[in-house]
Every structure is written in structure tokens, then in C-alpha cells.
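Visitor: Return atomic coordinates for the entry below.
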Amino acid sequence: VYLSDVRPAQIDQRAGAVGFDRTFYGRPLILDGKRCEKGLGVKLPSRLSFDLGGQFRTLSAHVVLEDPPALLGGEQVTVQVMGNGKALAAFRLGQDKTEVSLEADVRGVRTLRLNCLPSSPDAYQASVNWCSPMLRR
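Guide: Residues are numbered from 1 along each chain as shown. Now for the predicted structure:
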């Protein structure tokens, strides 16, 4: 199941609407020069919660910082995958590292939370794309 087909139970985002199967700015999701048909585009800071009901085994995704020039100096974006309040995966994106592939064990997770948090208020202009986020049973 693509995560963009599972509507969030809660959206906490500073500005605008989450892009379902598009970037926050309404553009197609692109990864390695190819279009991702499914995904989520968020604006910083962003926290999305999903009720999974413990039905899935893994979450995989490619997470891409859409506009690295929006980050000045050493600003970074912390990306967290939380399950039932515990960290399942965490990493930082910035000028040096603009994308990462992840796979997280979500067995038994009832509430999944995806956090994209800026290192400073100046980084609020950045956005992050979750390309092909897939839940597997």
C-alpha cells in the first residue's frame, strides 16, 4: 500500500497543504530524473500521523530535500520516522546530503508519524518529498 493512499489521521504543518502524489508546490515528484507516481510533499516544519493498526511489516521510501538552496549555511532538516512514539529511523538532510533511501520495521506500529523538522526558523522555506513511500504486510 502506498502511504499517500492512507490518509493521515493528523497533519501538523506550518503552512499550506500536504501534496498528495505531488510536491508541496504542486509539481510532479521526481527521483533520479524519473517521475514518482506516488508520494507526499511537505513544507517545513511538518508532522504527519497515520493510523496503521499494526497491519504492516515495513515502510520504505526515498526522502528528498526538494529545494536545498532554501537552506542557508549549515541549516539542516531532521527527518524522523516514529512508531508508537519511538524512533524507527532518523537522519539529516542539507546542502551536502539531499536524499536518502530508508526502510523501517513497522511491525506492531499502530501510529506512524513522519516528522520533517528544520534546524532553525530560517530553514522554514525548505520542503521535503517522500517518494514512493510503500507499506508492506
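
Visitor: Off-centre distance for the helix or strand hosting Leu135?
Guide: Using DSSP states H and E, Leu135 maps to strand 127-136. The chain centroid and the centroid of strand 127-136 are separated by 6 Å under Cα atoms, centre = their mean, to the nearest Å.

Visitor: Quick check: buried residues in that strand?
Guide: By 16 or more other Cβ atoms under 10 Å, the buried positions in strand 127-136 come out as 127-133, 135. Every C-beta, even on glycine, is put in place using the N, C-alpha and C of the backbone.

Visitor: again, but for stretch 110-129
Guide: Quick answer for stretch 110-129 (16+ other Cβ under 10 Å): 111-116, 118-119, 123, 126-129.

Visitor: Report the rounded mean pLDDT for that stretch.
Guide: The average of the pLDDT scores along stretch 110-129 is 90.

Visitor: likewise stretch 89-107?
Guide: Stretch 89-107 comes out at a mean pLDDT of 94.

Visitor: Pull out the buried residues from that stretch.
Guide: Buried residues in stretch 89-107 (16+ other Cβ under 10 Å): 89, 93-94, 98-99, 102, 104, 106.

Visitor: so which of those comes closest to Val42?
Guide: The shortest approach to Val42 among the buried residues of stretch 89-107 belongs to Leu93, at 12.4 Å (Cβ to Cβ).

Visitor: what's across from that closest one in the sheet?
Guide: Under the criterion DSSP bridges, Leu93 forms beta bridges with Val77.

Visitor: can you check the one 10 residues further on too?
Guide: Applying DSSP bridges to Glu103 gives these bridge partners: Ser60.

Visitor: got the contact list for it?
Guide: 58-60 (Cβ atoms under 8 Å, 6 or more residues apart in numbering).

Visitor: of those, buried ones?
Guide: Here, 16+ other Cβ under 10 Å leaves Leu59 buried among the contacts of Glu103.

Visitor: now the contacts of Glu103 in a markdown table, with distance to Leu44 and pLDDT?
Guide: Output for the contacts of Glu103, formatted as a markdown table (distance: Cβ to Cβ, whole Å; pLDDT from 0 to 100):
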| residue | distance to Leu44 | pLDDT |
| --- | --- | --- |
| Thr58 | 26 | 98 |
| Leu59 | 21 | 98 |
| Ser60 | 23 | 97 |
